[in-house]
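Visitor: Here you go, sequence then predicted model.
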Protein chains: 2
Amino acid sequence: MATIQDVAKHAHVGVGTVSRVLNGKGYVKETTRQKIEASIEALNYTPNEMARNLFFRKCGIVAVIVPEVSHPFFAQFVSAAEKFLCEKGFQTMICNTYYEENYEQRYLEMLKRQKVDGIIFGSHTVLNQSSQYENANRPIVALDRDLGKNIPCVSADHEGGGLMAAEALIRSGCKNVCQFTGFEVDKEISMPFNLRHKVFEEHMKAHNVACRSVYTRWGSMEAEYYQELAEDFLRDYPDADGVFGTDMMIMAVLQSAMAQGKRVPQDLKLVAYDGTCGAGLTYPRITRIEQPITELAKESVRLVVDLINGQPVEFKKTQFQVRLQPGDTTLG
Amino acid sequence: MATIQDVAKHAHVGVGTVSRVLNGKGYVKETTRQKIEASIEALNYTPNEMARNLFFRKCGIVAVIVPEVSHPFFAQFVSAAEKFLCEKGFQTMICNTYYEENYEQRYLEMLKRQKVDGIIFGSHTVLNQSSQYENANRPIVALDRDLGKNIPCVSADHEGGGLMAAEALIRSGCKNVCQFTGFEVDKEISMPFNLRHKVFEEHMKAHNVACRSVYTRWGSMEAEYYQELAEDFLRDYPDADGVFGTDMMIMAVLQSAMAQGKRVPQDLKLVAYDGTCGAGLTYPRITRIEQPITELAKESVRLVVDLINGQPVEFKKTQFQVRLQPGDTTLG
């Protein structure tokens, strides 16, 4: 396949001149334009998106930074991001942070040294001054965290999701609910995904439903880890009649509750959050709130590639609708 | 932190000479050695593994190529591989092949052009001549496929796993079993993971148990995809009393069978293969055969890094034991 370099060589002009013709930007002498167009035809050159990226990019790599790739939500996000980045001519580098170390400092350095062309931050840890991200002044997109006003933030409508979960449990007649929440990494950087818990709690209060929060640390991707949390929960909150948490957590609560002879949904109602594949395969089917994971990845990739290519990007929060997938762990 | 370059500069010698002292290989004049050792002390230089890698490697990137990162097995493999590569000073690049396109050709080219230092192949598609991998003559490690006698192959003991599954179903009294098998990419390259199906079938025959194979194509990571396969299966094989398949497939069969009022394990016995997190969170608990996913990733990384660093590597098949995790979907 002919490249832009082949066209430039064939037409005896610089790559920049070919680029100006292709993009219709800047002045090019008419005879030069004709020569380039003849070369494009002679070489059967297709100035597709990938080729344009090959021209603009420095190294062709975008880093996707997440807490842990093996977590089903991030596995599906990273997988989709790789697919869309590949379509646009970029390779995908991944990094697990485990919320433990200051990996983002290393990646910001790589970005400065052009070892990567852009970063999608799906995690951040101790680098809690958003100015460090903004000062990098390079292509950065944030998934589910506000890293500064010049950094686009992509997220699902978690407030809507929290409300849907609360309504599903209230409709089912719950009077005494619990929600599993993640920890807050820091106070300075707001993370939209935590909003669902705030909305959930407020909505419960407004309907006079008792609501408690169970904090969980970021854990290992092992069944035993979730089973232990679920068993602790059932022991500590035997009177809970409704639970809201992420897919894996709710799967574990369902398993432990059934093993203890609790009836679902009669004794215990459950709503799971994320929309990953495994949580759709339980019996009874869990009532789930699905994030549009593929859309989140697609938009994150679109934004980071536009930034890399110097295209204008709106620095705003982009929110995607979540979807209630009714199952058999709620009523009504 | 001082680098090997700093030491070389401080001692007024070449980096290669410092390297020979550090590795204890090759001749170095005694006075030079003393000078280098003094510089190492003066600069407080620690010749750790990461620093060694920084010296030997070209770009510090290893590519991990899998059918789909969002598949729980590959999500856990890629996640663990990233962790071990990171510890050894390498970044991880990922590629989904979806068993569709000839991505490995592109990555072999990147390897030749030193855009990546090494590749872990957990997938291959149409590049069915193993000589192409061998002729690359560069650091390549294969997960679960035999890409040539000069390419190390890491896999679980799938024959042992197939036997365990067969024995668990026979012990449970099954007389009429089905197994879900993946497709064969090509006949030329043997893939150890397919051996479990061969052993399973042979063992069933030896025990006069009827055994049928249900072929499945590589599908999307969506609950609906597996649910459809499970419902088709229950319709087409209503008399089956035992099923063996991967985690997601068996979760879907359990869900559909329970929804149809079948009793598990009384009417239908199930054994799942892979050992991913989600399949450990069902009720009843599925009897599972767990691959040591972390060990597979650790060994793959060790081998590819040794190859990159020019260390001697044994070109043999490395097999890791699988483990039967008894659950409540089998008897005895």
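Guide: Now that the structure is in, tell me what you want to look at.

Visitor: So for whatever helix or strand residue A:40 lives in, what gets flagged as buried?
Guide: If you go by DSSP states H and E, residue A:40 is part of helix A:30-42. Of all the residues in helix A:30-42, those buried under the rule 16 or more other Cβ atoms under 10 Å in any protein chain shown are A:32-33, A:35-36, A:39-40. Any C-beta I mention is one placed from the backbone N, CA and C, and that applies to glycine too.

Visitor: will you turn the residues you listed into JSON lines that also has pLDDT and distance to residue B:177?
Guide: Shown next, in JSON lines, are those (pLDDT from 0 to 100; distance: Cβ to Cβ, whole Å):
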{"residue": "A:32", "pLDDT": "88", "distance to residue B:177": "72"}
{"residue": "A:33", "pLDDT": "84", "distance to residue B:177": "70"}
{"residue": "A:35", "pLDDT": "89", "distance to residue B:177": "70"}
{"residue": "A:36", "pLDDT": "87", "distance to residue B:177": "66"}
{"residue": "A:39", "pLDDT": "88", "distance to residue B:177": "64"}
{"residue": "A:40", "pLDDT": "82", "distance to residue B:177": "61"}
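
Visitor: which two of those residues lie the greatest distance from each other?
Guide: Spatial extent of the buried residues of helix A:30-42 (Cβ to Cβ) is set by the pair A:32 and A:40 at 12.5 Å.

Visitor: what about stretch A:300-319, start to end distance?
Guide: Counting by Cα to Cα, to the nearest Å, you get 11 Å between the two ends of stretch A:300-319.

Visitor: Kindly report the same for stretch A:216-232.
Guide: 11 Å.

Visitor: That stretch vs chain B: in contact?
Guide: Yes: judged by Cβ under 8 Å from any Cβ of the partner chain, stretch A:216-232 and chain B are in contact via A:221-224, A:226-227.

Visitor: how about that stretch: buried residues?
Guide: So for stretch A:216-232, counting by 16+ other Cβ under 10 Å, buried means A:216, A:221-223, A:225-227, A:229-231.

Visitor: I'd like the next helix or strand past the least confident helix or strand in chain A by mean pLDDT.
Guide: Within chain A, no helix or strand scores below helix A:49-56, which has a mean of 51 by mean pLDDT, DSSP states H and E. As assigned by DSSP H and E, the chain's next helix or strand after helix A:49-56 is strand A:61-66.

Visitor: Identify the neighbouring strands of that next one in the sheet and state each direction.
Guide: Applying DSSP bridges, strand A:61-66 is found paired with strand A:91-96 (parallel), strand A:118-121 (parallel).

Visitor: Need the winner for burial among these.
Guide: By mean neighbour count, with neighbours taken as mean count of other Cβ atoms under 10 Å in any protein chain shown, strand A:118-121 ranks first of those at a mean of 26.

Visitor: So chain A: which segments form each domain?
Guide: A:4-47, A:58-156+A:294-320, A:158-291 (automatic domain parsing).

Visitor: Tell me which of the ones you listed sits nearest to residue B:292.
Guide: Among the domains of chain A, if distance is taken as Cβ to Cβ, the winner is domain A:158-291, at 12.8 Å.

Visitor: mind checking how far that closest one is from the chain centre?
Guide: Offset of domain A:158-291 from its chain centre (Cα atoms, centre = their mean, to the nearest Å): 20 Å.

Visitor: Pull up the distance across it, start to finish.
Guide: The first and final residues of domain A:158-291 sit 9 Å from each other (Cα to Cα).

Visitor: and what of stretch A:98-115?
Guide: Counting by Cα to Cα, you get 22 Å between the two ends of stretch A:98-115.

Visitor: One more: stretch A:267-278?
Guide: End-to-end distance for stretch A:267-278, by Cα to Cα: 23 Å.

Visitor: Any buried residues in that stretch, and which?
Guide: For stretch A:267-278, burial by neighbour count (16+ other Cβ under 10 Å) applies to A:268-278.

Visitor: same for chain B: which of those residues are within range?
Guide: Within the buried residues of stretch A:267-278, those near chain B by Cβ under 8 Å from any Cβ are A:277-278.

Visitor: And the furthest pair within the buried residues of stretch A:267-278?
Guide: A:268 and A:277 (23.4 Å).

Visitor: circling back to that earlier point, pick out the shakiest of the domains of chain A, pLDDT-wise.
Guide: Mean pLDDT across those is lowest at domain A:4-47; the value there is a mean of 82.

Visitor: Bridge partners for the most centrally placed residue in chain A, pull those for me.
Guide: Centroid check for chain A by Cα atoms, centre = their mean gives residue A:143 as the closest residue, at 4.7 Å. Taking DSSP bridges as the rule, residue A:143 bridges to residue A:154.

Visitor: Which residues of the stretch 151-300 of chain A lie near chain B?
Guide: Going by Cβ under 8 Å from any Cβ, the residues of the stretch 151-300 of chain A near chain B are A:221-224, A:226-227, A:248, A:251-252, A:254-255, A:258-259, A:277-283, A:285.

Visitor: one more time with 7 Å
Guide: Proximity of the stretch 151-300 of chain A to chain B is confined to A:221-223, A:226, A:248, A:251-252, A:254-255, A:258-259, A:277-278, A:280-283 under the rule Cβ under 7 Å from any Cβ of the partner chain.

Visitor: does residue A:329 really touch residue A:272, like I thought?
Guide: No: checked against Cβ atoms under 7 Å, the pair residue A:329 and residue A:272 is beyond contact range at 8.1 Å.
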